[in-house]
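Participant: This is a predicted model, with the sequence first.
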Amino acid sequence: MSTTRPIDKIATGLAFLLGLVTILGALGSQFIGGLQPCELCLEQRLPYYWGLPLLALIMILWNRLPLPVWYVAMAIVTALFAWGAWLGGFHAGVEWGFWPGPTACTGVGNELSMDMLNDLQPVIGCDVVQFRFLGISLAGYNALISAAIVVLLVGAILFQARRNRA
């Protein structure tokens, strides 16, 4: 009897692991590495905060979910990470100056307010790159990683569909 795991489960597990390592890396770069996230950086974390718990639930209930529910849940997680890829690409474009970012966090002004003086964290503009590796910023890597997660999840959905047609 063969004990090979179905490719859909492997792809889903890899997507979860990749997402978990990514969000832990983002949090580590902030709390251990000292990088301060801007407004867009924080928004890019939302697909991980929402998608990873849902993906974990899907994996826990894998064999107990009705197939239509599984497909809908996987589609939701895939859409969340597609949104994350878009956010990362948008933010990287703001950093490169391809298009303007949100006025709330691009080109942070010189005005000081009591709120800013009382704030212990510096205000970081969305167009400021704090770290690049191989010429790619963290926002750029997030776009690539989120896209890879989408590819893995779409692959899992397609493998599941093919297996259920057979």
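Facilitator: Perfect, I can see it now.
Participant: so where's the longest helix in the chain?
Facilitator: Taking DSSP state H as the criterion, the chain has its longest helix at helix 67-96.
Participant: Give me the mean pLDDT for it.
Facilitator: In this model, helix 67-96 carries a mean pLDDT of 92.
Participant: That helix - contacts with which helices or strands?
Facilitator: Using 3 or more CB pairs under 8 Å, 6 or more residues apart in numbering; DSSP states H and E, the elements in contact with helix 67-96 are helix 7-31, helix 39-44, helix 46-60, strand 136-137, helix 138-165. (Glycine included, C-beta is placed from N, CA and C.)
Participant: repeat that with 7 Å
Facilitator: Helix 67-96 sits against helix 39-44, helix 46-60, helix 138-165, with contacts defined as 3 or more CB pairs under 7 Å, 6 or more residues apart in numbering; DSSP states H and E.
Participant: got those as TSV, with mean neighbour count and distance to residue 14 columns?
Facilitator: Shown next, in TSV, are the helices and strands packed on helix 67-96 (neighbours: other CB atoms under 10 Å; distance: least, CB to CB, whole Å):
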stretch	mean neighbour count	distance to residue 14
helix 39-44	20	20
helix 46-60	17	11
helix 138-165	19	5
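Participant: Out of those helices, flag the one nearest residue 81.
Facilitator: Comparing the helices and strands packed on helix 67-96 by their distance to residue 81 (CB to CB), the top pick is helix 138-165, with 4.5 Å.
Participant: what about the closest one, distance to the chain center?
Facilitator: Per CA atoms, centre = their mean, to the nearest Å, the displacement of helix 138-165 from the mean C-alpha position of its chain is 12 Å.
Participant: Show me the one of the helices and strands packed on helix 67-96 that comes nearest residue 125.
Facilitator: Closest of those to residue 125 is helix 39-44, at 9.1 Å (criterion: CB to CB).
Participant: circling back: and the helices and strands packed on helix 67-96: which comes nearest residue 77?
Facilitator: Nearest of these to residue 77, taken as CB to CB: helix 46-60 at 4.9 Å.
Participant: quick one: average pLDDT of the closest one?
Facilitator: In the prediction, helix 46-60 has an average pLDDT of 96.
Participant: Check stretch 147-160 too.
Facilitator: Mean pLDDT, computed over stretch 147-160, is 95.
Participant: What angle do helix 46-60 and the longest helix of the chain make with each other?
Facilitator: Relative orientation of helix 67-96 versus helix 46-60 (axes from the mean of the first three to the mean of the last three CA atoms, to 10 degrees): 160 degrees.
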